[in-house]
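Novice: no sequence for this one, just the structure:
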């Protein structure tokens, strides 16, 4: 609103108000309606540099914010050791504002601490002092990590309160070499580490629209560059900012996506006293494929849409579903996810009163349950699992110290106890002293048990109602309907390399990526196996000789009696391999059972010739598993670096190189001779000498190559 043309008296009043609120007389500004303030994207990531001049503190945080899921994540490695974690190691903290819980994970060690976001409740009615606040000293005067993270709450840092007064200055400034538009905000409840809620003035610097347009094109939002925050009260505005935020790499995903909000590290993998249930994985199958979509747009949409459907159907909060791993074969797309047990229910509450006399005030409650003294979490769980909503409970102990149990009084002190339940007065707790807990977030959501949630999702799939809508690259809406759901899957395996053994019969070679063994080639299938466990199943197979395996990220394992190149053939017109984005095929490596005999070939003709092989390992397999006793083979390849395809063949011999040492040999370009290595059939006994008699034969002058490992021929 311009002052031009207004009465002098009105202009004088406005000028006085501006002076009282800290504006200099030479600065021109215009009030801004909240709707005209730069909008905040629903999702974004940004690196924030926090500067607190009085503390000589400068720290960096990577922030991820999702407004719809009401989650934020901070990645940081502080240069200053601070309580409560007292480490400089990388940390990841996730704040669940929907339930009021903080999850703090060590980035190096498998440590996690969980704590209530109590300030969401305790500070809800706290107002900032009219005069400049005094610095409070906690933990001996030291700031804590929790104070820094609270100041970074994206809802405080990027959003306006209805009471905030905003002005947009007409002048432009250059910050960090960036032309910026400037906004000034009067804020009466901004949290500053060390001071608490304060009355402040923010100066917000946003990248000018023209400059941003030249970098990222037209956007509906503005890119923040800096925020400086100073005290503002009846005395005026402090000249030195109390806290400064510098913003870097502000990124908004082009399509709705899923940031990594996994708290899997915080939840035990097995049933414990804390969780009393185990995590379970599911895989949901949708017929169809990615056609009509750009992959970089389909996958984020697909993951997010399925997650939201799982949450809605299963009565789950966002943090309890992790993984959301997408995959695809020729006919279907899949999502594999893990549902976590509920975190301890007492994290949803904060202690509001301590040591309250049981009979004081005649407070009502609806249910009083006797529980062991160590089961405070059970009392909290009872409060979260009843209808109508329980927002408060009292945890009471006898005044005389007798008895080992406690009283758990639900809906203690709530204004309207639930109808239909017996309402007791505090007479029953006359001789008790109580601590009163209140739910941090006043919601009615009840977190379902893992099995209950999975059952609801399964029924939705079976009824044909589990659908997700996606937008294709042409702008059309495509609906995918789930056809079935599996529970015999798992995610998060820590795989090892090929089994650690010197026995070459246990070796595997990677054969083909993004493939799975199907149809007649699939002799058996297992679930919930890591790749190493899948390969071990192949080695332990007794019904047939297992030559190949396909292992998938979600734990599927397929074993086959076909080796390498044999998988490329067909059986009755059916393929043996099928594309799958997150499965790989391994095949047994038999070449370790042979050793290089010579670069020259036997002059005698081979007993069998096999053409069109891909490598010498195929020759080794053919020699070992043929219908005659094969003791050696020659591998010939015309491939060169300039012509990598070339031709390759195997020449199989019944004779061992040891038996033909005195026979003539010939040179043939690109060929070498390998012979069976029987050393692995013997076990060394150091310090012993073999005693022989006349019947034993001792062979001297053995060619050294027969006792060494195979010579590497540069991948040929």
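Specialist: Here it is on my side, so go on. Just so we're clear, the structure is a prediction, and the values are computed from it rather than from any experiment.
Novice: Do a quick rundown of the helices in the stretch 51-200 of the chain.
Specialist: All helices of the stretch 51-200 of the chain, identified by DSSP state H, counting those that start in this stretch, fall at 119-122, 145-151, 154-157.
Novice: out of those, deepest packed?
Specialist: helix 145-151 (a mean of 21; mean count of other CB atoms under 10 Å). All C-beta atoms are positioned from the backbone trio N, CA, C, and that covers glycine.
Novice: Who are the packing partners of it?
Specialist: strand 57-66, strand 91-96, strand 178-192 (3 or more CB pairs under 8 Å, 6 or more residues apart in numbering; DSSP states H and E).
Novice: Just name the most buried of those strands.
Specialist: strand 91-96 (a mean of 22).
Novice: List the strands paired with it, with their directions.
Specialist: Pairing partners of strand 91-96, with direction, according to DSSP bridges: strand 71-76 (antiparallel), strand 101-106 (antiparallel).
Novice: Tabulate these (a markdown table), appending distance to residue 260, mean neighbour count and mean pLDDT.
Specialist: Converted to a markdown table, those look like this (distance: least, CB to CB, whole Å; neighbours: other CB atoms under 10 Å; pLDDT from 0 to 100):
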| stretch | distance to residue 260 | mean neighbour count | mean pLDDT |
| --- | --- | --- | --- |
| strand 71-76 | 7 | 20 | 97 |
| strand 101-106 | 11 | 21 | 95 |
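Novice: Select, out of these, the one closest to residue 174.
Specialist: strand 71-76 (28.9 Å; CB to CB).
Novice: Identify the residues contacting residue 172.
Specialist: Shown in contact with residue 172 (CB atoms under 8 Å, 6 or more residues apart in numbering): 179-182, 208.
Novice: looking at this, residue 325 is in a helix?
Specialist: No - note on residue 325: no helix contains this position according to DSSP: H, G, I helix; E, B strand; the rest coil, which reports strand.
Novice: Neighbours of it, how many?
Specialist: Number of residues near residue 325 (other CB atoms under 10 Å) recorded here: 19.
Novice: Run through the residues that contact it.
Specialist: Contact analysis of residue 325 by CB under 8 Å, 6+ apart lists 335-337, 491, 553-554, 582.
Novice: Would you quantify the distance from it to residue 103?
Specialist: Noted for residue 325: a distance of 21 Å to residue 103, by CB to CB, to the nearest Å.
Novice: want to try JSON lines for the strands paired with strand 91-96, with distance to residue 667 as columns?
Specialist: Putting the strands paired with strand 91-96 into JSON lines (distance: least, CB to CB, whole Å) gives the following:
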{"stretch": "strand 71-76", "distance to residue 667": "61"}
{"stretch": "strand 101-106", "distance to residue 667": "62"}
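Novice: how deep is residue 508 tucked in, by neighbour count?
Specialist: A count of nearby residues for residue 508, using other CB under 10 Å, gives 22.
Novice: how about the nearest residue to it, chain neighbours excluded?
Specialist: residue 586 (4.4 Å; CB to CB, 6 or more residues apart in numbering).
Novice: which secondary structure elements does the host helix or strand of the one you found contact?
Specialist: Residue 586 belongs to strand 583-588 when assigned by DSSP states H and E. Using 3+ CB pairs under 8 Å, 6+ apart as the contact test, the elements touching strand 583-588 are strand 508-512, strand 515-517, helix 531-540, strand 548-552.
Novice: ranking those by burial, who's on top?
Specialist: Neighbour counts (mean count of other CB under 10 Å) averaged over each of these peak at strand 548-552, with a mean of 27.
Novice: Pull up the pairing partners for that one, direction included.
Specialist: strand 557-560 (antiparallel), strand 583-588 (antiparallel).
Novice: among the helices and strands packed on helix 145-151, where is the model least confident on average?
Specialist: Lowest mean pLDDT within the helices and strands packed on helix 145-151: strand 178-192, at a mean of 90.
Novice: which of the residues in the longest helix that the chain contains are buried?
Specialist: Taking DSSP state H as the criterion, the chain has its longest helix at helix 295-314. Under the neighbour-count criterion of 16 or more other CB atoms under 10 Å, helix 295-314 has 297-311, 313-314 buried.
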